[in-house]
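*Asks:* Quick one: sequence and predicted model below, then my questions.
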Number of protein chains: 4
Amino acid sequence: METFSDGVFAIAATLLVLEIGVTARDSQDLGSALLHLWPSYLAYATSFITIGIIWMNHHTCVDTLRRVDRTLLFINLLLLMTVAFLPFPTKLVAQHLNKPGESAAVYAYAATFVVMAVIYNIWWRYARGHRRLIADDVPDTRIRAISRAFDPGPPIYAITFGVAFISPLASVFLTFAIAAFYLPSAALFERGGEPG
Amino acid sequence: METFSDGVFAIAATLLVLEIGVTARDSQDLGSALLHLWPSYLAYATSFITIGIIWMNHHTCVDTLRRVDRTLLFINLLLLMTVAFLPFPTKLVAQHLNKPGESAAVYAYAATFVVMAVIYNIWWRYARGHRRLIADDVPDTRIRAISRAFDPGPPIYAITFGVAFISPLASVFLTFAIAAFYLPSAALFERGGEPG
Amino acid sequence: METFSDGVFAIAATLLVLEIGVTARDSQDLGSALLHLWPSYLAYATSFITIGIIWMNHHTCVDTLRRVDRTLLFINLLLLMTVAFLPFPTKLVAQHLNKPGESAAVYAYAATFVVMAVIYNIWWRYARGHRRLIADDVPDTRIRAISRAFDPGPPIYAITFGVAFISPLASVFLTFAIAAFYLPSAALFERGGEPG
Amino acid sequence: METFSDGVFAIAATLLVLEIGVTARDSQDLGSALLHLWPSYLAYATSFITIGIIWMNHHTCVDTLRRVDRTLLFINLLLLMTVAFLPFPTKLVAQHLNKPGESAAVYAYAATFVVMAVIYNIWWRYARGHRRLIADDVPDTRIRAISRAFDPGPPIYAITFGVAFISPLASVFLTFAIAAFYLPSAALFERGGEPG
């Protein structure tokens, strides 16, 4: 499960850069064109950091598993399908933020994060339910600690979706702030261990 | 064999997202343009899930092997070449379904699945023939169980190809249904085991 | 050395599909447009199979090494840089074969293969020279057998380059024939072993 | 940490080739158009070699670590985000060197290298500070040797940034020379060891 997952996470994150582009007619004042690309940079950083942290979090969860079953593999595939889809709404935000089409682009972006958070929660709830797939030597306290980091995901991204109705720009900044400040402290807590 | 195969599967699946695109003139009504992209989403999900399941199935098969030989490696390379080709017919379906060129796009899409299923069957038949490459401790019942999951592949995809002559749209929905409902139960049966 | 190399080989092979494309104006007769894309399919298959076989061959060679040194790592990086470059001349052939610009496209394609074969030979000659980096338990007969598979590479691709002056089309078909018939027998000889 | 990092390095390096392109109107004199693409080849080689060497260097550093912590993982993610961004300024240089927009393109290119060098230094300084994350059996002499290879990075790339104000072309050649001549000797010193 992990090699394919690792690959998809790394590739999806790295493909994000392809959404950043200038057109030929920007050549005359390329410096100014590059500054006006700030929505591309914001969307790139937001999506990249989010994918990176989901990936690290995914490893933390898989480390607690004793085995995987058919259902978990299929939910995992749906999760990866959502992660691999992220470069598309990221490109929408990059191209439309502060321009016509802004609202639809940010709705699509926020909705993708909501779907991702929901599938990720289902994935983890399925694995930990009745300790179905959890290794015997993993204490309940650790499972609960991981769950505490997971639970706020769907409501938080639902809020970013709601904020998009008031201000698309604020919604994207909020998503960036979650990636840069909230996720690292929530998802990476108590990590650390052997390198590699 | 597995690292290169894993890489190709993961990359081909993740490149699929690049086929989804809106053009600059969609900006004025981006929301509506995004809804009209449903053939892209359908093609993306169908191809992504199919690649994911073939990949998991590939691991199941490789786990039964004692060794690989030159012929198997070459058949494997042809299989990967077909999988890595899939983003192209997927893009054709995304761009032409419900539009001019629909029939040719879906023929190409269905034909790619037929070729993939045939090469995959040849790959497995070669490996299991006279237990040529099968590890000694793998029981015949397991080999037969895997074969039962493989055998329907070519005829099923031949049917989706045939359906394309009557209704291209129905052919794509059928391919999606196979990926979402048939493949998980057929190919993933009796999986489960150590995570990783 | 191997994880980065594996990644580059797999990604370069899978990116090849991005060179195949139809334009919007092909929609009216997409079926015919797809048939006229045969140079794209030929270039795709030729480059994909060549990269796949170089990758398998690379593993065979690395398995004979006791250690790597700074020089070998740098030559390896140059080899990977050439492999990762291949999607570009492949795209040139796909777009220009049987069209204006055909000669220049095929020169670039053949020249890339010549450079790749030369760097790959330097890589192996450096590693095996005075058994500099060869593991002690690898017999000289095995080293010589690998070298016999390597030596014809540069002259063979020099011939495809020369043929391009007479007939660009024949040069590409010859490169395809080398990938499909010669390389598998030369490079994969005496492989086989543990799966994985 | 390493699988995701390996993936991002390999993918970012291989995506660089996508920046090289000729347009349809170049068909009539494709040979001449290919020669005029030299800025693309220069930018490709410079970025590819730099990423390759950073990647090898990253492995050398990770091998000295006893464990990783939350902070190091987050700095690592920022480093990867910068590496994965490199294809964009590389494309700018490929398209604008010796053409309008040259200065802005090279400023962006050089600035990306400065940021990469600074984040990479912070990453290593954090890891080695008070031997925070360094394995016990790694001698101080080895840590100091690695640090000596790291320290010149930011000032060297600051110079390439400064040179861009005088001559953008000279700045890119200098960045290439650093990748081809300085980095291999500084970063790869005392490497060598088990293959793989």
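*Replies:* Great, that's in hand.

*Asks:* make it CA atoms for all contacts and neighbour counts henceforth
*Replies:* Noted.

*Asks:* And the helices in chain A?
*Replies:* For chain A, the helices defined by DSSP state H cover A:2-15, A:30-35, A:38-62, A:70-85, A:87-96, A:102-128, A:140-150, A:153-166, A:168-177, A:183-187.

*Asks:* Format the ones you listed as a markdown table; extra columns: mean neighbour count and distance to chain D.
*Replies:* Listed next are the helices of chain A as a markdown table, based on neighbours: other C-alpha atoms under 10 Å in any protein chain shown; distance: least, C-alpha to the nearest C-alpha, whole Å:
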| stretch | mean neighbour count | distance to chain D |
| --- | --- | --- |
| helix A:2-15 | 24 | 5 |
| helix A:30-35 | 16 | 5 |
| helix A:38-62 | 21 | 7 |
| helix A:70-85 | 21 | 14 |
| helix A:87-96 | 25 | 13 |
| helix A:102-128 | 22 | 19 |
| helix A:140-150 | 15 | 15 |
| helix A:153-166 | 18 | 19 |
| helix A:168-177 | 20 | 14 |
| helix A:183-187 | 19 | 7 |
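
*Asks:* Which one of the ones you listed has the poorest average confidence?
*Replies:* Lowest mean pLDDT within those: helix A:183-187, at a mean of 66.

*Asks:* Let me see the contact set for A:Ala43.
*Replies:* A:Ala43 makes contact with A:Thr90, A:Lys91, A:Val93, A:Ala94, A:Val172, A:Phe176, according to C-alpha atoms under 8 Å, 6 or more residues apart in numbering or on different chains.

*Asks:* out of these, who's nearest chain B?
*Replies:* Using C-alpha to the nearest C-alpha, A:Lys91 is the member of those that lies nearest chain B, at 9.0 Å.

*Asks:* I'd say the closest one and A:Leu15 touch.
*Replies:* No: look at A:Lys91 against A:Leu15 with C-alpha atoms under 8 Å: they stay out of range, at 10.5 Å.

*Asks:* Excluding chain neighbours, give the residue nearest to A:Ala117 in space.
*Replies:* Once flanking residues are discounted, A:Ala117 sits nearest to A:Pro154: 5.2 Å by C-alpha to C-alpha, 6 or more residues apart in numbering or on different chains.

*Asks:* do the same with A:Leu15
*Replies:* Per C-alpha to C-alpha, 6+ apart, closest to A:Leu15 is A:Pro87, 6.9 Å.

*Asks:* ok, A:Gly52 - contacts?
*Replies:* Going by C-alpha under 8 Å, 6+ apart, A:Gly52 touches A:Phe9, A:Ala10, A:Ala13, D:Leu77.

*Asks:* Put together JSON lines for these, with distance to chain C on each row.
*Replies:* JSON lines is the format used below for these (distance: C-alpha to the nearest C-alpha, whole Å):
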{"residue": "A:Phe9", "distance to chain C": "14"}
{"residue": "A:Ala10", "distance to chain C": "11"}
{"residue": "A:Ala13", "distance to chain C": "14"}
{"residue": "D:Leu77", "distance to chain C": "18"}
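
*Asks:* Which two of the residues you listed have the greatest separation?
*Replies:* Spatial extent of the contacts of A:Gly52 (C-alpha to C-alpha) is set by the pair A:Phe9 and D:Leu77 at 12.7 Å.

*Asks:* Make sure A:Val17 is actually in contact with D:Ala84.
*Replies:* Yes: here A:Val17 lies in contact with D:Ala84, judged by C-alpha under 8 Å, at a distance of 6.9 Å.

*Asks:* can I assume A:Ile134 is in contact with A:Asp63?
*Replies:* No: checked against C-alpha under 8 Å, the pair A:Ile134 and A:Asp63 is beyond contact range at 9.1 Å.

*Asks:* Which one's more surrounded, the two?
*Replies:* Neighbours per residue, other C-alpha atoms under 10 Å in any protein chain shown: of A:Ile134 and A:Asp63, the larger number sits with A:Ile134, 22 against 14.

*Asks:* Name the nearest residue to that one, ignoring sequence neighbours.
*Replies:* Among residues not flanking A:Ile134 along the chain, A:Leu65 sits closest, at 4.4 Å (C-alpha to C-alpha, 6+ apart).

*Asks:* Number of residues surrounding that neighbour?
*Replies:* 21.

*Asks:* Do I have it right that it meets A:Asp137?
*Replies:* No: with contacts counted by C-alpha under 8 Å, A:Leu65 stays clear of A:Asp137, the gap being 9.9 Å.

*Asks:* can you tell me how far the residue of chain A most remote from its centre sits from chain C?
*Replies:* Going by C-alpha atoms, centre = their mean, the residue of chain A most distant from its centre is A:Gln28, 36.3 Å out. Distance of A:Gln28 to chain C, given as C-alpha to the nearest C-alpha, to the nearest Å: 27 Å.

*Asks:* who's in contact with the residue nearest to A:Ile134?
*Replies:* Going by C-alpha under 8 Å, 6+ apart, A:Leu65 touches A:Ala127, A:Leu133, A:Ile134, A:Ala135, B:Pro195.

*Asks:* Contacts only, for the third one.
*Replies:* To tie it back to what came earlier, the one meant is A:Ile134. Applying C-alpha under 8 Å, 6+ apart to A:Ile134 gives the contacts A:Thr64, A:Leu65, A:Arg66, A:Arg67, A:Ala127, A:Arg128.

*Asks:* Among these, which one lies nearest to C:Thr23?
*Replies:* Looking across the contacts of A:Ile134 and measuring by C-alpha to C-alpha, the closest to C:Thr23 is A:Ala127, at 46.0 Å.

*Asks:* how close does A:Asn18 get to C:His96?
*Replies:* Quick fix: residue A:18 is Leu, not Asn. Distance check for A:Leu18 against C:His96: by C-alpha to C-alpha, to the nearest Å, it reads 25 Å.

*Asks:* Sorry, slip of the keys, the one I care about is A:Met56.
*Replies:* From A:Met56 over to C:His96 (counting by C-alpha to C-alpha), the distance is 45 Å.

*Asks:* What of A:Phe113?
*Replies:* 42 Å.

*Asks:* Around chain B, which positions in chain A sit nearby?
*Replies:* Within chain A, the residues that sit near chain B (C-alpha under 8 Å from any C-alpha of the partner chain) are A:1-5, A:7-8, A:11-12, A:62, A:65-70, A:74, A:77-78, A:81, A:84-85, A:87-88, A:96, A:100-101, A:104-105.

*Asks:* rerun that using 7 Å as the cut-off
*Replies:* A:1-4, A:7-8, A:11-12, A:65-70, A:77, A:81, A:84-85, A:88, A:100-101, A:104 (C-alpha under 7 Å from any C-alpha of the partner chain).
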